[in-house]
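Chemist: what's the 3D shape of this:
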Amino acid sequence: GKGSTCAYTEQILRGYGLPTGFFRYKTELKFPVYLAVVEVIICGAYDCTNIIKKPWVCGVSSHGIDHTQILGDTIEEIAWHKGGIFKPEVPAFTVKQPEGSMAVLKQRASEIECPLWVCPELEDYQTDCGPLQLGLAGQHQRSNASLALQLSHTWLQRRRLQGTWRTLPSLHGPGVPLATPFTPSPIMTKGLADTVWAGRTQTLKNGEVTYFLDGAHTRRSMQACVSWFQEAAVRCERNSPIGVWQPQRCW
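Modeler: Numbering: from 1, shown residues only. I've put the predicted structure just below:
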């Protein structure tokens, strides 16, 4: 969910007229932009993106068992590496994680003295125009969108108030505190709906053939991919022309 979260975040902040940059690779670039949305490449603790010592805000998307030769074979080991992007006194957000993973993130945040919150469910955000619409399909994108809302909202708050921010949470109590759901601005709402991430839950039509494009390399991401495809394929069949001799083909 890293790339999708970054895509949502950049689309939202670009809607405010900010010259943004979205980096996935070539970290040696000198970030010649006003605002950089940086996706961690593999891990976190020893990732080259850690050259950024004082980001405005950090986010950790949903964990999966991947890159085991680097990160370890368990979700707890992977969570330890993911928590490596935490920085002292820099607000951080994560989505709901497996219990063992969340415990490790909480411990890492406490050790680093990084304030950490869990993002609320997407439906908890109050809007004046009904449920939030997402430009990226799939139920798994809802947590990515919530994380993007918290990241962009926090950046805007900290930038406007020159570092003054909400009260930092205590990391010594049970669990990780829940971030406050707020009312997204019209720009945020439009940003979520307008987000495009090529190759992620993307549907392309070419005549009578519909192509479904997505990528997955972990068990959880494969399950999310299958769930999206099943939903999208049903919509594809429902929207097929009625009365034609050759049915629409889906790939």
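
Chemist: Residue 129 and residue 192 touch, don't they?
Modeler: No: with contact defined as Cβ atoms under 8 Å, residue 129 does not count as touching residue 192 (11.5 Å). (Glycine included, C-beta is placed from N, CA and C.)

Chemist: So between those two, which is more surrounded?
Modeler: Per other Cβ atoms under 10 Å, whichever of residue 129 and residue 192 has more neighbours is residue 192, with 27 against 9.

Chemist: Now that we're looking at the more buried one, what pLDDT does it have?
Modeler: Confidence per residue is given as pLDDT, and for residue 192 that number is 97.

Chemist: And it, how far from residue 211?
Modeler: The spacing between residue 192 and residue 211, counted by Cβ to Cβ, to the nearest Å, is 24 Å.

Chemist: How about residue 86?
Modeler: Residue 86 sits 39 Å away from residue 211, taking Cβ to Cβ as the criterion.

Chemist: Which one of these two is surrounded by more residues?
Modeler: When residue 86 is set against residue 211 and neighbours are counted by other Cβ under 10 Å, the residue ahead is residue 86, at 24 against 12.

Chemist: OK, contacts around the nearest residue to the more buried one once chain neighbours are set aside?
Modeler: The shortest distance from residue 86 to any non-neighbouring residue, by Cβ to Cβ, 6 or more residues apart in numbering, is to residue 114 (3.8 Å). Taking Cβ atoms under 8 Å, 6 or more residues apart in numbering as the definition of contact, the neighbours of residue 114 are 58, 86-92, 108.

Chemist: Ok, residue 185 next?
Modeler: For residue 185, the contact set (Cβ under 8 Å, 6+ apart) is empty.

Chemist: does the residue nearest to residue 86 sit in a helix or strand, and which one?
Modeler: If you go by DSSP states H and E, residue 114 is not part of any helix or strand.

Chemist: Check residue 53 too.
Modeler: Assigned by DSSP H and E, residue 53 belongs to no helix or strand.

Chemist: quick one: the residue lying closest to it once chain neighbours are set aside from residue 49, how far?
Modeler: In space, not counting the residues next to it along the chain, residue 53 is nearest to residue 87; the distance is 7.0 Å by Cβ to Cβ, 6+ apart. Using Cβ to Cβ, residue 87 is found at 12 Å from residue 49.

Chemist: So for residue 202, what's the pLDDT?
Modeler: The confidence metric pLDDT takes the value 85 at residue 202.

Chemist: Same question for residue 148.
Modeler: The per-residue pLDDT reported for residue 148 equals 97.
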